[in-house]
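Colleague: Predicted structure and sequence below. I'll ask about it afterward.
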Amino acid sequence: MDIQTTGLSRRFGKVTALHSVDLSVPGGMYGLLGANGAGKTTLMRILAGVLPPGGGEVRVGGHDLTTGAGRTAVQRRLGYLPQDLGLYPDLTPREFLDYVGLLKGLDDTRARRQQVDELLELVALSEVAGRRMKGFSGGMRRRVGIAQALLGDPALIVVDEPTAGLDPEERVRFRSLLAGLAGHRTVLLSTHIVEDVAQTCQHAAVMAGGRVVYTGTVPDLVRMGEGATWEVVTTTGAPPPVGVVVSAISRTDGTHYRVISSTAPGAHAVPAAPSLEDGYVALMQRAPAQ
Ligand SMILES: Nc1ncnc2c1ncn2[C@@H]1O[C@H](COP(=O)(O)OP(=O)(O)OP(=O)(O)O)[C@@H](O)[C@H]1O
């Protein structure tokens, strides 16, 4: 299911959360990057049909989300994992998924139960399928969340900050699970964790201050850091006088700074090959102030 927005806007009182957003999301796994407050959640909620747009055009799978009928049609065909999905602590994952399946209109009891068991297997929760969720770790909760999003085999999956708060091992496991789902679906992944996008997505958009400031391939976003990524070693420990420091590692010969700067941050600065994080920081440096 493809996503097209043109001039999409949304205000909350005096706050403009989205300013004329133009976005075209092809199939596969698509990353939506941006700092806190950039407008990612507002965009995801509109795309998921739970928040009406303020202005502009937005179509998901051909359905017009500016109409109530369009939003209802999309909600039937998409899986949504919001940032703050409430799980019922006294239910087991099997009971919870069965309940969500009913809400999604999976009326055939036998088929629904079979789907629930297949999804529990997919997200590696079969062994705890009969245990109440109140003692579950953050990673287990997220996996229940993605399983509920997958009920009904949606063509589009929208996931908002799914790896926030997970430990590194759980994060790697969860994003591999997401990437595995993208084969014949569109998976839209919103995150402020650049590494999640680097490891899973081919295409991405970057938002800042309610605007889309980049859309394109992930390798092209990496290239935004070309000519702007530097390594500087200082023995005094003081950071270089110009640029944005993306990392600082203390070694026996001094502090190794990785710096994003349009000019060399010192006479001994050495150009370095950019990572996605470097490209992202370079882009944010160049993006007009909001
Ligand atoms: N329901 C709301 N009422 C008032 N303001 C809101 C509401 N939802 C979002 N905003 C404001 O809109 C802007 C964008 O918020 P949004 O949650 O979309 O950003 P985000 O990129 O998802 O950030 P985060 O990662 O922190 O969730 C922020 O200034 C936020 O305070």
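Modeller: Alright, I've got the coordinates. Numbering: from 1, shown residues only.

Colleague: what does the chain have sitting close to the ligand?
Modeller: Contact residues (CB under 6 Å from any ligand atom) of the chain with the ligand: 12, 15, 17, 34, 36-42, 161, 192. The C-beta positions use only the backbone N, C-alpha and C, and glycine is treated the same way.

Colleague: same thing but at 5 Å, please
Modeller: Contacts of the chain with the ligand, taken as CB under 5 Å from any ligand atom, map to 12, 15, 17, 36-42.

Colleague: Which of those residues fall in helices?
Modeller: 40-42 (DSSP state H).

Colleague: most surrounded residue in these?
Modeller: Neighbour counts for those, by other CB atoms under 10 Å, peak at Lys40, which reaches 26 neighbours.

Colleague: Buried ones in stretch 219-238, by neighbour count?
Modeller: By neighbour count on 16 or more other CB atoms under 10 Å, the buried set for stretch 219-238 is 221-222, 224-225, 228-230, 232.

Colleague: Next step: these restricted to helices.
Modeller: Judged by DSSP H, the subset of the buried residues of stretch 219-238 located in helices is 221-222.

Colleague: For the ligand, state which of the buried residues of stretch 219-238 is nearest.
Modeller: Leu221 (17.4 Å; CB to the nearest ligand atom).

Colleague: looking at it, that closest one is touching Asp278, isn't it?
Modeller: No - between Leu221 and Asp278 there is no contact under CB atoms under 8 Å: 9.9 Å.

Colleague: tell me which strands and helices the host helix or strand of Glu195 is in contact with?
Modeller: Assigned by DSSP states H and E, Glu195 belongs to helix 194-200. On a contact count with 3 or more CB pairs under 8 Å, 6 or more residues apart in numbering; DSSP states H and E, helix 194-200 meets strand 28-34, helix 168-181, strand 186-191, helix 276-286.

Colleague: picking that back up, quick one: which of the residues of the chain next to the ligand is most hemmed in?
Modeller: Neighbour-wise, those (other CB under 10 Å) top out at Lys40, 26 neighbours.

Colleague: Leaving out sequence neighbours, find the closest residue to that residue.
Modeller: Ser190 (4.3 Å; CB to CB, 6 or more residues apart in numbering).

Colleague: Who does that neighbour form a beta bridge with?
Modeller: Beta-bridge pairing for Ser190 (DSSP bridges): Leu32, Asp160.

Colleague: What does the pLDDT read for Ile193?
Modeller: Ile193 is assigned 88 on the pLDDT scale.

Colleague: and the gap between it and Pro239?
Modeller: When distance is defined by CB to CB, to the nearest Å, Ile193 is 24 Å away from Pro239.

Colleague: just to revisit the earlier point, packing partners for the helix or strand that the helix holding Glu195 is followed by?
Modeller: Once the chain leaves helix 194-200, the next helix or strand it forms, by DSSP H and E, is strand 203-208. Using 3+ CB pairs under 8 Å, 6+ apart as the contact criterion, the elements in contact with strand 203-208 are strand 15-25, strand 28-34, strand 211-217, helix 218-223, helix 276-286.

Colleague: Looking at the shortest one now, give me its mean pLDDT.
Modeller: Mean per-residue pLDDT for helix 218-223: 96.

Colleague: For that helix, what is the distance to the chain centroid?
Modeller: Put simply, helix 218-223 sits 17 Å off its chain's centre (CA atoms, centre = their mean, to the nearest Å).

Colleague: Could you do the first one as well?
Modeller: Centroid displacement of strand 15-25 relative to its chain, using CA atoms, centre = their mean, is 16 Å.

Colleague: So which residues make contact with it?
Modeller: Applying CB atoms under 8 Å, 6 or more residues apart in numbering, the contact partners of strand 15-25 are 2-11, 39, 42-43, 46, 54, 56, 186, 188, 203, 205, 207, 209-212, 215.
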